[in-house]
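J.: have a look; sequence and predicted model below, questions after that.
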Amino acid sequence: DLLVGTYVEDRGTRVGLDRCLELGGIDSRESSRGVVGAGTEGEGGQQEEGDDGEETSHVVHTVGGSIQECTMVPPWVFCGPPGPDPYPPRQMRVAVLDLGSNSFRMQLSEVGPDGAIADIHQERRLLHLGGVVGRHGHLPEDSVRLAVTTARELVDLAERVGCDRLYAVATSALREAANGPEVVDLISRSIGTQVRVIDGLEEAHLSFLGAQASIRLDDAPVTVLDLGGGSLEVASGLGPDLDTSTSHPLGVSRMHASLGVDEILDPGSRARVEASVAEELDGLPPAAEQVIAVGGAVRALARVTAKRAGAWLPDSTNHVRLDRTALEGALEELAPITAEARVEEFGVSEGRAADLPVAAAILIDTMSVLGIEAMVVSDWGLRMGVLIDALDLPLPRGEEVWQRSAEALRRRFLADDPHPAHVAD
């Protein structure tokens, strides 16, 4: 929110300078140099002599109508005849808080007037609440405190970076914990936004929408697998329209806790995973030819398979191909070694190292049951689906996915340079 001259961007809405200064407790007056603020205390807002002898005016920085910063600038900023707006309204920034069974995540995105989405920042905190609920049936007091504190920290970060809208959803762990409603209420009051608890079928639908927004697809049916900490969602359809969607208690944290294993996935535990997946997914139709997989464990496994193949991956795993043979080879190496060794050998994060073999086993067995030989990884899933659904955005199709990505990159970094726009076209 930046006030320059005669307007302020306040939560995405332009309001007059006088109103902005009124919100900040500053009186306004007219100057021959332009509109400036006259401070009500001390020297704030008065025109002063700069270091070079020129008169200086103020630029006021506000967040949600509250004056945060007042900066001295040369008077020529406000001089001259009216012209093109040098500070056009920025893209709307939307934060989605995902209170998952394995981790709490905050995703901050910019949404353009054409509905194009640019991912600005993501933050993750591993809490493994799904495993806690699996062992106790509820969240103990220390887990509740951790959940509330973590949610507040993530929202604080979103607000510092700049957030016009905030949506918060909770999935399997908070949905199934005996004290889940009480915990959700505590978190909602802490962050100042009502947390929406979504059921498994809605989670499948939202992941289905979000996953497709970042993957170039043919105009044909697609199946999306969302492997989370508490559940596995399977959704199939064409475009935004679902044909089938199911949710299964096959989440990584849940399965890891129910197996009672520590770090090593022994053959007996491996067989129990296979039996559980076969029983849960029995009767599901085969997957479509196009398959997308989402989830933190999926992205971690994509990195493991790439490292085994000697391939380099950037920060993003979007559009990385993940086939069943490569996953089986990765599981053979991950299962018998310690979590510490997984971190050292494969660069796995410490928070995921213990249960990553379970994740690989669930994914392999799911692919086997549904007849999937290979799939592509999407960096977007549930959180982006929440944004798309809340703002009623259209899903890009085919080449439009890449075109929007290129345009979002150009608009963010080189808005005034016509050459990148030509290259993007």
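T.: Thanks, I have it. Bear in mind that the values here come from a model prediction, so they are computed numbers and not experimental data.
J.: which elements pack onto the helix or strand that contains residue 108?
T.: Element membership of residue 108 [criterion: DSSP states H and E] is strand 103-111. Applying 3 or more Cβ pairs under 8 Å, 6 or more residues apart in numbering; DSSP states H and E, one finds that strand 103-111 contacts strand 92-99, strand 117-126, helix 141-161, helix 382-391. C-beta coordinates here come from the backbone N, C-alpha and C atoms, glycine included.
J.: distance to residue 298, mean neighbour count and mean pLDDT for these - can I get that in CSV?
T.: Listed next are the helices and strands packed on strand 103-111 as CSV, based on distance: least, Cβ to Cβ, whole Å; neighbours: other Cβ atoms under 10 Å; pLDDT from 0 to 100:
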stretch, distance to residue 298, mean neighbour count, mean pLDDT
strand 92-99, 15, 23, 96
strand 117-126, 14, 17, 91
helix 141-161, 22, 17, 96
helix 382-391, 12, 23, 96
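J.: format these as a markdown table; extra columns: distance to residue 365.
T.: Below are those laid out as a markdown table (distance: least, Cβ to Cβ, whole Å):
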| stretch | distance to residue 365 |
| --- | --- |
| strand 92-99 | 25 |
| strand 117-126 | 24 |
| helix 141-161 | 29 |
| helix 382-391 | 22 |
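J.: to residue 359, which of the ones you listed lies closest?
T.: strand 117-126 (13.3 Å; Cβ to Cβ).
J.: contacts for that closest one next, please.
T.: Here strand 117-126 makes contact (Cβ atoms under 8 Å, 6 or more residues apart in numbering) with 91, 93, 102-112, 150, 153-154, 157, 161, 213, 296, 349, 351-352, 379-380, 384, 387-388, 393, 404, 408-409, 411-412.
J.: how about stretch 366-379?
T.: Here stretch 366-379 makes contact (Cβ under 8 Å, 6+ apart) with 119, 210-212, 214-215, 223-225, 227, 232, 234, 250, 277-278, 281-282, 284, 286-287, 291-294, 298-299, 302, 316-324, 327.
J.: re the thing from before, mind listing residues that contact the strand holding residue 108?
T.: So strand 103-111 is in contact with 90-98, 117-128, 147, 150-151, 154-155, 157-158, 161, 163, 229, 296, 351, 383-384, 387, 391, 393, 408, 412, going by Cβ under 8 Å, 6+ apart.
J.: average model confidence for that strand?
T.: For strand 103-111, the mean pLDDT works out to 95.
J.: who does that strand pair up with?
T.: Take DSSP bridges as the rule and strand 103-111 pairs in its sheet with strand 92-99 (antiparallel), strand 117-126 (antiparallel).
J.: need the ones you listed in JSON lines (columns: distance to residue 137).
T.: Converted to JSON lines, the strands paired with strand 103-111 look like this (distance: least, Cβ to Cβ, whole Å):
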{"stretch": "strand 92-99", "distance to residue 137": "18"}
{"stretch": "strand 117-126", "distance to residue 137": "21"}
